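In: What follows is a predicted structure for the sequence shown.
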Amino acid sequence: MLKLCCGLSYRVEGLENVPLDRAAVILSKHQSAWETIALRQIISPQTAVLKKSLLQIPFGGWALATLKPIAIDRSNQKEALKMLLEQGTARLQEGLFVLVFPEGTRVAPGASKKFNAGGAMLAHKSGFPVIPLAHNAGEFWPRNSFLKYPGVITVKIGPEISTQGKSSKEINAEAEQWIVKTMDEMAT
């Protein structure tokens, strides 16, 4: 529909890096609303970590609730981490990929925020691998903007990051390094 109405499409590189025989934690850049919708089509079955308040939006939030999200209250970080680890491990064991935006919120193209360690901690505690993901959706569907611009969004899926013998800090740093490097390459 976006291609027809807005001239906006996408291409995916690295789809072969998504394991077919098990779930994984996806650590993704978050720039717009596009990836919250499109990544479900690209990598599935999937659930996502999201703000609990999103589930209270009439109709849309109620529909989100049917997708088995991990809904966290960001004002209580200790409880949010506990929920992420418990529910995230359960979803992974059910065979669902768990999508985590480690920056915690949408960040404009060219900008970055410190990566939170929750997704890496989930991977470390559960033993499931991490799949890093970068994209440039924010260039075409900016944060807090009704306007969408024509073009081709590029999604790059990185190689699997094993959690074996690594701390959550090391896992997070490896994912962040790959995502930052890939975002820099896409900007040039």
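Out: Arrived safely. Numbering: from 1, shown residues only.
In: Go over the secondary structure and confirm residue 91 is in a strand.
Out: No: note on residue 91: no strand contains this position according to DSSP: H, G, I helix; E, B strand; the rest coil, which reports helix.
In: quick one: contacts for it?
Out: With contact set as C-beta atoms under 8 Å, 6 or more residues apart in numbering, residue 91 has these partners: 23, 47, 68, 70, 98. All C-beta spots, glycine's among them, are computed from the backbone N, C-alpha and C.
In: how much space is there between it and residue 49?
Out: The spacing between residue 91 and residue 49, counted by C-beta to C-beta, to the nearest Å, is 10 Å.
In: just to revisit the earlier point, of all the contacts of residue 91, which comes closest to residue 86?
Out: Proximity of the contacts of residue 91 to residue 86 (C-beta to C-beta) peaks at residue 70, which lies at 9.0 Å.
In: what's that closest one sitting at in phi/psi?
Out: Note on residue 70: its backbone torsions stand at phi -100, psi 90 [degrees, to the nearest 10].
In: Test my guess that it contacts residue 83.
Out: Yes: proximity of residue 70 to residue 83 meets the contact threshold set by C-beta atoms under 8 Å, at 6.4 Å.
In: Neighbour count: those two, which is higher?
Out: In terms of neighbours (other C-beta atoms under 10 Å), residue 70 is the more surrounded of residue 70 and residue 83; the figures are 24 against 18.
In: Could you pull up the contacting residues of the more buried one?
Out: Residue 70 makes contact with 47-50, 83-84, 87-88, 91, 98, according to C-beta under 8 Å, 6+ apart.
In: returning to what we had before: give me the subset of the contacts of residue 91 that lies in strands.
Out: When these are checked against strands (DSSP state E), the matches are 47, 70, 98.
In: Looking at these, which is nearest residue 31?
Out: Taking C-beta to C-beta as the measure, residue 31 lies nearest residue 98 of the ones in strands among the contacts of residue 91, at 19.5 Å.
In: And that closest one, what's its pLDDT?
Out: According to the model's per-residue confidence, residue 98 sits at a pLDDT of 97.
In: for it, what are its contacts?
Out: Residue 98 sits in contact with 23-26, 46-49, 70, 88, 91-92, 119, 122, where contact means C-beta under 8 Å, 6+ apart.
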